[in-house]
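Engineer: Using only what follows, build the 3D model:
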Amino acid sequence: MKPLDPRLLTHAKDARSYIILLVVAGTLSAALVLAQCYLVSAAASPVIDGRDTLADIVPLVAALAAVFAARVAVAYAIEAFGHRAALRTIRDLRAKILRHAGDAGDRWLSQGNAASTVTLVTEALDSLEPYFVKYLPQLFLVSTVTPLALAVIFFTDWLSAIAIVICLPLIPVFMILVGKQTAEYSAKRIASMQNLGEQLLDLLAGLATLKGLGREQGPRTRVSLLGDDFAAKTMQTLRVAFLSGAVLEFLATLSTALVAVEVGLRMVAGHLGLFEGLLIIMLTPEAFRPLREVGSQFHASSDGVAAAEQAFAILDVPIPAASGTAAAPSLALCPIVLEDVCVEAPGRATIAPAHLDATIAPGKVTVLRGKTGAGKTTTVSVLLKLLEPSSGQVLVGGARLADIDRESLWKQVTWVPQRPTIVPGTVLENIGVARGPQLERAAALTGFDAVVAALPHGWDTRIGQGGTGLSVGQRQRLALTRAVADPKPLIMLDEPSAHLDAMSEQAVSATVRELRATGHTVVIVAHRTAILRVADTIVDVRAEAGDTLPAAARETARDAGAERSEA
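Structural biologist: Okay, the predicted model is just below:
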């Protein structure tokens, strides 16, 4: 990432206000540094020469104390606001990454991006805090304190300024040489952390299956190896960071010493006054310090820089289903028509669904039936504008789905996926509906009332992270209850009975009948007989070989896939 990547200002508005603060604070710091060095020289040199007494320099000492206090206040303000700006920026980036990853669709997430995205937003982005708190302030001090100190030294004694100009480039040269290696190690550390995170997430997802097969101890060696690799990568990054800091400190100290020796010899020879000599000796380390700190803090914040690069890479992923601008017509009144819809499956020469023609009538139950891999869930993704068809089109009340604003469409849709997700909170908070007759009736209809009755605190039982967990079947009942308690005109159910027993399946059928009776349009992905019996229309979804896609559409899909791969 660049020292100050403009993408950071684009994606995080709090970063912009912080940059403005740094510009102002950097200018003020430069003035205070100059004032401090001048006051120390002005107060000390006459006392050493015997021209003034301590009483004569009391005003200068008081002014010096005020300057010290001002520098402390400025440093505190920069660090305090830096922490706040970092936390807000990380929060904004997390929200945007999660939203963008969701908009990118299930297919992008399934290409090995889900676990890495989770690791990025939960762990890696925290490394941005040192970048804001330590690195950026020093970067702006380089552009203010160093030039001002060098200018004052030049007008005071141009020979000393030349000596500093000769020594000054040594720091950025070594900083670049060491920084390249540090950036490489930081990228490897982030990759190792993501590999570890992916392995752990996969393990947790399949832990019940592994335990059922008696293989829960098998992944221990693999996880241990990944943990050791992450620890080794972390130690490599820390080792290079410590060494680079020592190198930069040595160069800055050596350069300051060279200037101090040169100034001291000329003062002894009588070619330079005490005031000028003290001023130059104190300004020299101030000129070197910001540049030295930039190098040191860059290595300390290199993990955050690597994480930001990955964040921007995700945010640059093109969204496959761009939102239109037209408002969605009423889904309670308008039919949805699929005309020769084809979707090319990524990574395999298959069209799923292939040449799908169907009409979803309002107020009716439509079931999508087909073999595994035929494209039933993909069809739902197309209807939700999460995925664009490779060819064909979808019409909603005569309007093209591609021209409809996605947000206005989603406001009329309730979607219950195969594996509903619960969020940390109470059962009632996950339902999102106030307690009352409507909620009790919905729970009784879906059979979720029995689940609530078995929970220790009923509707107020905390579930999710840090709370009581629910099985997959119980989560499906929760999601169905939410759909019935606050129904939208169009309700999409993806395999709602896949994890339920026969009795619970009957509850799902009763729920679907209730939704139809109240005038709602229901689209179900299913293959079980009990669900098929309640259908008004059954649509057979099938897949075909990839060469059945029209040539022009196949070329367009291939180009879009290539663009996503390059991104």
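Engineer: use CA for all of it now, contacts and neighbours both
Structural biologist: Fine.
Engineer: what about stretch 464-475, how long is it end to end?
Structural biologist: 11 Å (CA to CA, to the nearest Å).
Engineer: from here on, count from 28
Structural biologist: Taking 28 as the first residue, the last one we looked at is stretch 491-502.
Engineer: pLDDT averaged over that stretch, what's the number?
Structural biologist: Mean per-residue pLDDT for stretch 491-502: 71.
Engineer: Point to the residue nearest the middle of the protein.
Structural biologist: Ranked by distance to the mean C-alpha position of the chain (CA atoms, centre = their mean), the top residue is residue 121 at 3.5 Å.
Engineer: dump the residue contacts of that one.
Structural biologist: Residues near residue 121 by CA atoms under 8 Å, 6 or more residues apart in numbering: 148, 152.
Engineer: Helix or strand next in line after the helix or strand containing it, which one?
Structural biologist: Assigned by DSSP states H and E, residue 121 falls within helix 85-131. Using DSSP H and E, the helix or strand that follows helix 85-131 in sequence is helix 133-135.
Engineer: And the strands in this structure, which stretches?
Structural biologist: 363-369, 377-378, 383-387, 392-396, 418-423, 426-427, 440-443, 452-453, 489-490, 517-521, 548-552, 564-567, 571-572 (DSSP state E).
Engineer: Take the ones you listed and lay them out in JSON lines including mean neighbour count and distance to residue 284.
Structural biologist: Shown next, in JSON lines, are the strands of the chain (neighbours: other CA atoms under 10 Å; distance: least, CA to CA, whole Å):
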{"stretch": "strand 363-369", "mean neighbour count": "22", "distance to residue 284": "74"}
{"stretch": "strand 377-378", "mean neighbour count": "23", "distance to residue 284": "71"}
{"stretch": "strand 383-387", "mean neighbour count": "19", "distance to residue 284": "79"}
{"stretch": "strand 392-396", "mean neighbour count": "24", "distance to residue 284": "80"}
{"stretch": "strand 418-423", "mean neighbour count": "20", "distance to residue 284": "72"}
{"stretch": "strand 426-427", "mean neighbour count": "16", "distance to residue 284": "74"}
{"stretch": "strand 440-443", "mean neighbour count": "20", "distance to residue 284": "70"}
{"stretch": "strand 452-453", "mean neighbour count": "18", "distance to residue 284": "61"}
{"stretch": "strand 489-490", "mean neighbour count": "21", "distance to residue 284": "63"}
{"stretch": "strand 517-521", "mean neighbour count": "23", "distance to residue 284": "73"}
{"stretch": "strand 548-552", "mean neighbour count": "25", "distance to residue 284": "77"}
{"stretch": "strand 564-567", "mean neighbour count": "18", "distance to residue 284": "83"}
{"stretch": "strand 571-572", "mean neighbour count": "15", "distance to residue 284": "75"}
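Engineer: Quick one, which of those strands gets closest to residue 138.
Structural biologist: The minimum distance between residue 138 and these falls on strand 377-378, with 16.7 Å, by CA to CA.
Engineer: Give me the packing partners of the closest one, helices and strands only.
Structural biologist: If you count contacts as 3 or more CA pairs under 8 Å, 6 or more residues apart in numbering; DSSP states H and E, strand 377-378 packs onto strand 571-572.
Engineer: Who are the packing partners of the strand it packs on?
Structural biologist: So strand 571-572, by 3+ CA pairs under 8 Å, 6+ apart, packs with strand 377-378.
Engineer: can you pull out the helices in the stretch 128-277 of the chain?
Structural biologist: Listed in chain order, the helices of the stretch 128-277 of the chain (DSSP state H, counting those that start in this stretch) span 133-135, 141-149, 155-157, 163-169, 172-183, 185-194, 197-232, 234-239, 247-295.
Engineer: Could you identify which of those helices is most buried?
Structural biologist: Mean neighbours per residue, mean count of other CA atoms under 10 Å, is largest over the helices of the stretch 128-277 of the chain for helix 163-169, with a mean of 23.
Engineer: what about it, distance to the chain center?
Structural biologist: Once both centres are worked out by CA atoms, centre = their mean, to the nearest Å, helix 163-169 turns out to sit 25 Å from its chain's centre.
Engineer: what residues does that helix touch?
Structural biologist: So helix 163-169 is in contact with 30-31, 49-50, 53-54, 56-57, 105, 317-318, 320-321, going by CA under 8 Å, 6+ apart.
Engineer: Next, count neighbours for residue 339.
Structural biologist: Residue 339 sits with 16 neighbouring residues when counted by other CA atoms under 10 Å.
Engineer: Check residue 297 too.
Structural biologist: Neighbours of residue 297 (other CA under 10 Å): 10.
Engineer: what do you get for residue 196?
Structural biologist: Using other CA under 10 Å: residue 196 sits among 12 other residues.
Engineer: who wins for proximity to residue 545 among the helices of the stretch 128-277 of the chain?
Structural biologist: Of all these, helix 133-135 comes closest under CA to CA, at 31.5 Å.
Engineer: correct me, but residue 497 touches residue 490?
Structural biologist: Yes: using CA atoms under 8 Å, residue 497 is in contact with residue 490, at 7.3 Å.
Engineer: what's the angle between the helix holding residue 121 and helix 141-149?
Structural biologist: Orientation of helix 85-131 against helix 141-149 (axes from the mean of the first three to the mean of the last three CA atoms, to 10 degrees) gives an angle of 160 degrees.
Engineer: what's the distance between helix 85-131 and the middle of its chain?
Structural biologist: 21 Å.
Engineer: got the contact list for the nearest residue to residue 301 once chain neighbours are set aside?
Structural biologist: Nearest residue to residue 301, sequence neighbours excluded (CA to CA, 6 or more residues apart in numbering): residue 72, at 5.9 Å. Neighbouring residues of residue 72 by CA under 8 Å, 6+ apart: 301, 302, 305.
Engineer: can you list the domains in this structure?
Structural biologist: Per automatic domain parsing, the structural domains of the chain span 33-342, 363-593.
Engineer: which one of those lies closest to residue 356?
Structural biologist: domain 363-593 (6.7 Å).
Engineer: low-scoring stretches of the stretch 428-577 of the chain, by residue?
Structural biologist: 492-495, 525-531, 573-577 (pLDDT under 70).
Engineer: circling back: pipe the helices of the stretch 128-277 of the chain into CSV and attach mean pLDDT and distance to residue 92 per row.
Structural biologist: Shown next, in CSV, are the helices of the stretch 128-277 of the chain (pLDDT from 0 to 100; distance: least, CA to CA, whole Å):
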stretch, mean pLDDT, distance to residue 92
helix 133-135, 72, 60
helix 141-149, 77, 44
helix 155-157, 78, 30
helix 163-169, 76, 22
helix 172-183, 83, 20
helix 185-194, 82, 28
helix 197-232, 68, 32
helix 234-239, 68, 64
helix 247-295, 75, 25
